[in-house]
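J.: My questions are about this predicted structure, shown below with the sequence.
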Amino acid sequence: MSESEKMSVKRKKKQDVQKTEQNSDLPYLKSSEQDESSLWHDPFVHTIFIIIVGFIAYTNSLMAPFFFDDYSNIVDNPTIKNFRNFHGLMEFLGFTIDKETVQSIFMRPVGLFTFAANYAIHGLNHFGFHITNLLIHICNALMVYLLFFKTLTTPFMISTASEDSAEVREHWYLPLFAALIFISHPIQTQSVTYIVQRYVPLATFFYLGALLLFLIGRTSLSRKTEIISYTLSFIAAILAMGSKEIAFTLPVVVLLYEFMFFEGKAATRFYRIIPIIMTMGIIPLKLSKLASLKQSQSAENMQAVLSLHDATGTTAFEYLFTQFGVIVTYIRLLFFPVGQNLDYDYHLEKTFFSFDVILPLTLLLSIVAGSLWLLFHSRQNRQYRIIAFGIFWFFITLSVESSVIPIRDLIFEHRIYLPSIGFFMALLTLISVVYHRYARLELSKSKVATISLVSVVIILSSATIARNRLWNYNVTMWRDVVSKSPNKARAHSNLGFALASAVKYDPKATLSPVDAIKLHDASLELRAAIRINPQDHVVYANLAEMLILQKKYEEAFKNVDTACGLRPEDPFPIVIRGQIFAAKDDQENAIKEYRKAISLNPQFAKAHLRLSDALEAQGNKQEATKELDIFLRLSFQESLEDLKNSQLR
């Protein structure tokens, strides 16, 4: 067959599909005979519903403060302060910023660029960051709606439909409620309200965009539209890869979608997806490049930089065994979002032969086996294939963070954001199938079912609003974490930091009774963290810093000595010792400590800043200026020039 004949056959097939769509009373097409409820079948009305629910659920989160590692990734991250910094991101690998921030800079430049755009528009006003996150979340919900709609009208779904096209039209509610549940579910709060986790919804935005653009090109009758759609899909895939590593699975999902919902010769269909498949090399190449840039470091430090190895030495098998239970926890939270926790205290499984490993694995294998059964029997009921696809989507998109690659934290709720799309598609379709089988009635025709689904959305939205209240106050959130993870040191230490940060400290004034209580409570939390993990030298140093504010200098010295004994090569505790001397107005010894810290790490910015303060207190403004210039250079924060001028004025 000649090339022209092949093109002719291809166009004919597409025209047949289009005619089928035009002759069907599909949910997104207006029927000539509209019934009294046709308004509720209108995609425009659905869009308004989704947007309204999104704003209702998240309006009370828009003034939430920066939180946890928002500070290292946004507030104290020099790269977002000026777009010129994006010309030389490699340079930041040599500076003393948090190692996880370094990885984000190199691996997630697209997300970083959006933070820079926020900063350029409104500085560090957190409202702007929150509204951006919410808008991305709403866009994702709308794309979930559109993806579900297009899935209902793919060649497989149409070709196996009964001649009565009204049967297809009755499924209009599936995309609507899938999108409403997705946007209102409280499990998403960690991805939306927690500003730095924008990487997740942003990657999801480009992930869904790439898939939808591919589907547009795949079903287009215009060669021009087809080429443009495929090109934009390829670009969206690249942007997804630059947003977060979870996008690595995108080509697999596109390939799966093609072979589950379209028809044709396998070779031709695979050829069409090759450009997107090529994007799978982006993330491995970046990791390889990052490794080569850090090759002078030890293997242990290398793994830390790549965030692929737990500090405790978790093996791939231990991590995998643990993830079986973690995934079941995710599923439980999607069904019943009760007991949500920002920082779970999850037990690491060391062996396969444990009920905590075997039981969840059995459940997961049963789900996978069920999805395969549904796939093989999907010719009998086309909705089975959507259920199977949703389950496959769930496990595939979760595989990057819940498989054999050890990550420091075993479980985080934001990791379920992208997988939840497949879960909700499968769940809503399963409910539809079961309800139709036993009630002999479509959900859209049942007032009881409709009221039940609307009630679910209302309950989930209320839970999201309640969850967002916790995000509005650092202390409130960390108290919640401590109540649920009482044996986790990080929970206590972060609550201590949150309590201390609420104190308005003036070294020349006496602490108010309220602030004194806050510092006392903060110290108690840090001591609790030390009892749980007595080997964390940073907590000792931070406790010493709080004791300085309470003017308990001798106890502060003891904690600093302990921190230095645990990690003598770390300049941070030494700087704290210098701060103790400075608080006692012993600038000479303070300067000695700061210089000692600088000798250990000449690029430790905080040491230069404290040394500058001590030198200025001695009246040595020339040296103080020099040290402050070094601090400014190391931190790459041009905005601190005003601080420099005010200090030396």
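T.: Good, I have the coordinates.
J.: Quick one: residues contacting H608.
T.: For H608, the contact set (CB atoms under 8 Å, 6 or more residues apart in numbering) comprises 594, 598, 627-628, 630-631, 634. For glycine as for every other residue, the C-beta is placed from the backbone atoms N, C-alpha and C.
J.: Next: S493.
T.: Here S493 is in contact with 525-526, 529, 536, 539, 542 (CB under 8 Å, 6+ apart).
J.: Now which of those residues would you call buried?
T.: Buried members of the contacts of S493, scored by 16 or more other CB atoms under 10 Å, are 525-526, 529, 536, 539, 542.
J.: Go through these and flag which are in strands.
T.: When DSSP state E is applied, the buried ones among the contacts of S493 are split such that none fall in strands.
J.: Distance check, the closest residue to Y319 other than its chain neighbours against G619.
T.: In space, and not counting its chain neighbours, Y319 is closest to P406: 4.2 Å by CB to CB, 6 or more residues apart in numbering. The gap separating P406 from G619 is 53 Å, by CB to CB, to the nearest Å.
J.: who has more neighbours, those two?
T.: More crowded of P406 and G619, by other CB atoms under 10 Å: P406, with 23 against 9.
J.: Double-check that one against F317; I have them as touching.
T.: No. Assessed by CB atoms under 8 Å, P406 is found out of contact with F317, at 9.6 Å.
J.: What residue spans form the domains of this structure?
T.: As assigned by automatic domain parsing, the chain contains the domains 486-567, 569-649.
J.: Please produce TSV containing those, extended by distance to S455 and mean pLDDT.
T.: As requested, the domains of the chain are exported to TSV (distance: least, CB to CB, whole Å; pLDDT from 0 to 100):
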stretch	distance to S455	mean pLDDT
domain 486-567	34	88
domain 569-649	49	79
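J.: Pipe the ones you listed into CSV and attach distance to F353 per row.
T.: Shown next, in CSV, are these (distance: least, CB to CB, whole Å):
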stretch, distance to F353
domain 486-567, 25
domain 569-649, 40
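J.: Got phi/psi on N620?
T.: Torsion angles at N620 (phi, psi; degrees, to the nearest 10) stand at phi -90, psi 80.
J.: okay, now it: neighbour count?
T.: Neighbours of N620 using other CB under 10 Å come to 16.
J.: got it, and T268?
T.: Every residue meeting other CB under 10 Å relative to T268 is counted, giving 10.
J.: For it, give me the pLDDT.
T.: For T268, the pLDDT comes out at 81.
J.: shaky segments in the stretch 51-200 of the chain?
T.: For the stretch 51-200 of the chain, the stretches flagged by pLDDT under 70 are 85-104, 159-170.
J.: quick revisit: out of the contacts of H608, which is nearest to S233?
T.: Closest approach between those and S233, by CB to CB: L634, at 41.8 Å.
J.: leaving aside the residues next to it on the chain, what's closest to that closest one?
T.: A605 (4.1 Å).
J.: list the buried ones in stretch 517-525?
T.: 518-519, 522-523, 525.
J.: May I see the residues you listed organised as TSV, with secondary structure and distance to Y344 added?
T.: Shown next, in TSV, are the buried residues of stretch 517-525 (DSSP: H, G, I helix; E, B strand; the rest coil; distance: CB to CB, whole Å):
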residue	secondary structure	distance to Y344
K518	helix	27
L519	helix	28
A522	helix	23
S523	helix	26
E525	helix	18
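J.: And the helices in the stretch 251-400 of the chain?
T.: Here the stretch 251-400 of the chain has its helices, by DSSP state H, counting those that start in this stretch, at 266-278, 282-293, 299-306, 316-335, 355-376, 383-398.
J.: if you compare the ones you listed, which one is most tucked away?
T.: Most buried of those by mean neighbour count (mean count of other CB atoms under 10 Å) is helix 383-398; its value is a mean of 23.
J.: could you point out which element follows it?
T.: helix 419-439 (DSSP states H and E).
J.: Output the contacting helices and strands for that following helix.
T.: Other helices and strands packing on helix 419-439, by 3 or more CB pairs under 8 Å, 6 or more residues apart in numbering; DSSP states H and E, are helix 126-152, helix 173-184, helix 316-335, helix 383-398.
J.: what is the orientation angle of the third one with helix 383-398?
T.: Yep, that's helix 316-335 we're talking about. When axes from the mean of the first three to the mean of the last three CA atoms, to 10 degrees is applied, the directions of helix 316-335 and helix 383-398 differ by 130 degrees.
J.: quick one, which of the helices of the stretch 251-400 of the chain is nearest to I105?
T.: Between the helices of the stretch 251-400 of the chain, helix 282-293 lies closest to I105; by CB to CB that is 10.0 Å.
J.: average pLDDT across the closest one?
T.: For helix 282-293, the per-residue pLDDT averages 76.
J.: Ok, stretch 316-325 next?
T.: On average, stretch 316-325 scores 94.
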